[in-house]
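>>> Got a sequence here, can you build the structure:
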Amino acid sequence: MVLLHRHNFKREVIPLADTNDARDSSSVEGDWETRFHFMANKKDEEEKLMFRSQVKVWHCFLNRKTALSLQAYFLFHLPDLTPLMDTLVCLNLSFNNLLFFPMEVFNIKSLQVLVLRSNPIRKIPNDIHRLKSLKKFTISFNLVSELPSG
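As a prediction, this is how the structure comes out:
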């Protein structure tokens, strides 16, 4: 394929690679390596964030804290909150990448404050009424289009 380009009233012919041309193996291998490293680095980064969040859970547990903030940890899912199920009162999960309402919170017996601000959550489950102790629920700046009945 040839591209004709007009520059300073002169005609230049600039050859372009044809999309049907076979790519040489070193280029394909280089692309694969780049994608692999990107995915590996992304996976490593997610694991680091998850590890940090789990450390924060254990810190909260060991120091007998009743509030846990995992704000801006960019989590796609929650760490194991089992150590805090009986004591947690306030949970801040703002500015993460939670695509779905975290069902784990239904097991937190004394949860009074749940903050899910700025996540891409689309739906609040109808079971939200199961959180009997909940007094404050913040879900602003999400993708929620309808509220549960009741």
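>>> use CA for all of it now, contacts and neighbours both
OK.
>>> Check the burial of residue 44 by counting its neighbours.
12 (other CA atoms under 10 Å).
>>> Report pLDDT for it.
Looking at residue 44, its pLDDT reads 82.
>>> Helix, strand, or coil at it?
Using DSSP: H, G, I helix; E, B strand; the rest coil, the three-state assignment for residue 44 comes out as helix.
>>> And the one 5 residues further on, by the same measure?
Three-state call for residue 49 (three-state DSSP): helix.
>>> okay but it is in contact with residue 76, surely?
No: using CA atoms under 8 Å, residue 49 is not in contact with residue 76, being 9.9 Å away.
>>> which residues of the protein fall in helices?
Applying DSSP state H to the chain gives helices spanning 25-62.
>>> And the lowest mean pLDDT element among the helices and strands of it?
strand 2-7 (a mean of 43; mean pLDDT, DSSP states H and E).
>>> what's the neighbour count on residue 109?
As a burial measure, residue 109 scores 18 neighbours (other CA under 10 Å).
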